[in-house]
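Engineer: following is a predicted model, sequence given first.
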Amino acid sequence: MKTKTKLIHGGIPGDPLTGAVSVPVYQVSTYKQEGIGGHKGFEYSRTGNPTRHALEELMKDLEGGKAGFAFSSGMAAITAVIMLFNSGDHVLLTDDVYGGTFRVMTKVLSRFGLEFTFVDTSNLDNIEKEIKPNTKAIYIETPTNPLLKITDIKEVAKLAKSHQLLTIVDNTFSTPYWQHPLELGTDIVLHSATKYLGGHSDVVAGVVVVNSEQLASDLHFVQNSTGGVLGPQDSWLLIRGIKTLGVRMEEHEANTKAIVNFLNNHPAVKKVYYPGLETHPNHDIAKKQTSGFGGMVSFDVGSEENADKLLNHVKYFTLAESLGAVESLISVPAKMTHASIPKDRREELGITDGLVRISVGLEDVDDLIEDLKNALTK
């Protein structure tokens, strides 16, 4: 089954009881039992809900894993995955991960005796140098947020296996339409499903897919114990959004390529970050491990003042947190998504005050380019 077909027919399509072609919203907290333990697969909706289960089965199929799990947010998903480890364990992470990921690792989970080191995972030597006796996993984001750095997933997974480590990949930017980390040898793939999977700015969710029955059992235990599950209405919205993921991702990318070409030739733009550019670091790796370069692009306009002026004059790019929606969004990472990272750390990574990130939507690309052209001129 090819991907576009799997998006619509994967998982549990429809309702076998009524013939409904759309999975129903099972807005229920508990389930009747014929006797103690005599339930029909569901007993309490924190443990399992039919609508959420349909979403989890769909994501399992899309990522090619053993089991899927739906959480109340991307951060809940990330937190649950890190809860697989114990006090004293060490995890290596990509250096310019999403600001919320950096925050939860350094300000919350570190309180429980977990250790974290942030390295430039686009260079394998950097990873190997930081592996310690207590290292348990390598967590990579590729492409990264917001600099779109590329890490070789297959090589990192190979390195991890040689040290008996787990490999975790945040696949939010690429989605399972463009990139399949589990097929490249990784153990856990996760998403902020709020973004491209949902695609319509109407749901907050997180998804995890694992590659083994043991990880499935361990993660289900964490999810059921801590309770950060996705509700049935949001699960239904996410299933609906995923059905159009293929056509959306193709249109996002087509629009983005035209915008990147425009930005790359504009005198007010100092630098453009996009994996589809041949000049982008590790472009060849991105080309090898993905079937598309996506709809995210960052560019530097030189200063905070210039970035503010740009934001004040765009019309079709909505200033907002988040990404991956049908409408085009614009943000300044240093002030918004990555404000939780200390300024000196941001500057070290290259997240300058003049860096602008756009999530290219599905509007007519001529309108989007004209909008950016007018804003950059002013």
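Structural biologist: Now that the structure is in, tell me what you want to look at.

Engineer: all contacts plus neighbour counts: C-alpha atoms, from now on.
Structural biologist: Noted.

Engineer: show me the contact partners of the least confident helix or strand in the chain by mean pLDDT.
Structural biologist: Lowest mean confidence among the helices and strands of the chain (mean pLDDT, DSSP states H and E): helix 343-349, at a mean of 83. Here helix 343-349 makes contact (C-alpha atoms under 8 Å, 6 or more residues apart in numbering) with Asp95, Asp96, Ala334, His338, Thr352.

Engineer: now stretch 367-378
Structural biologist: Defining contact as C-alpha under 8 Å, 6+ apart, one finds that stretch 367-378 is touched by Ile259, Phe262, Ala268, Lys309, Leu310, Leu311, Asn312, His313, Val314, Lys315, Tyr316, Phe317.

Engineer: could you redo the last one with a cut-off of 6 Å?
Structural biologist: Applying C-alpha atoms under 6 Å, 6 or more residues apart in numbering, the contact partners of stretch 367-378 are Leu310, His313, Val314.

Engineer: so which of those belong to helices?
Structural biologist: In helices, judged by DSSP state H, the following of those are found: Leu310, His313.

Engineer: tell me which of the contacts of stretch 367-378 is nearest to Met59?
Structural biologist: Val314 (35.7 Å; C-alpha to C-alpha).

Engineer: related to what we said a few turns ago, in ChimeraX, how would I select the buried members of the contacts of helix 343-349?
Structural biologist: The buried subset of the contacts of helix 343-349, as determined by 16 or more other C-alpha atoms under 10 Å, is captured in ChimeraX by this line:
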select :95,96,334,338,352
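
Engineer: want to throw the contacts of helix 343-349 into a markdown table with pLDDT and secondary structure?
Structural biologist: Formatted as a markdown table, these follow (pLDDT from 0 to 100; DSSP: H, G, I helix; E, B strand; the rest coil):
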| residue | pLDDT | secondary structure |
| --- | --- | --- |
| Asp95 | 93 | coil |
| Asp96 | 88 | coil |
| Ala334 | 90 | coil |
| His338 | 79 | coil |
| Thr352 | 93 | coil |
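
Engineer: pick the one among the contacts of helix 343-349 closest to Gly302.
Structural biologist: Ranked by distance to Gly302 (C-alpha to C-alpha), these are led by Thr352 at 8.3 Å.

Engineer: before we move on, back to that, give me the contacts around the helix or strand just after the least confident helix or strand of the chain.
Structural biologist: Remark: after helix 343-349, the chain's next helix or strand is strand 355-359, criterion DSSP states H and E. With contact meaning C-alpha under 6 Å, 6+ apart, strand 355-359 is reached by Met296, Val297, Ser298, Phe299, Asp300, Leu323, Ser328, Leu329, Ile330, Ser331, Val332.
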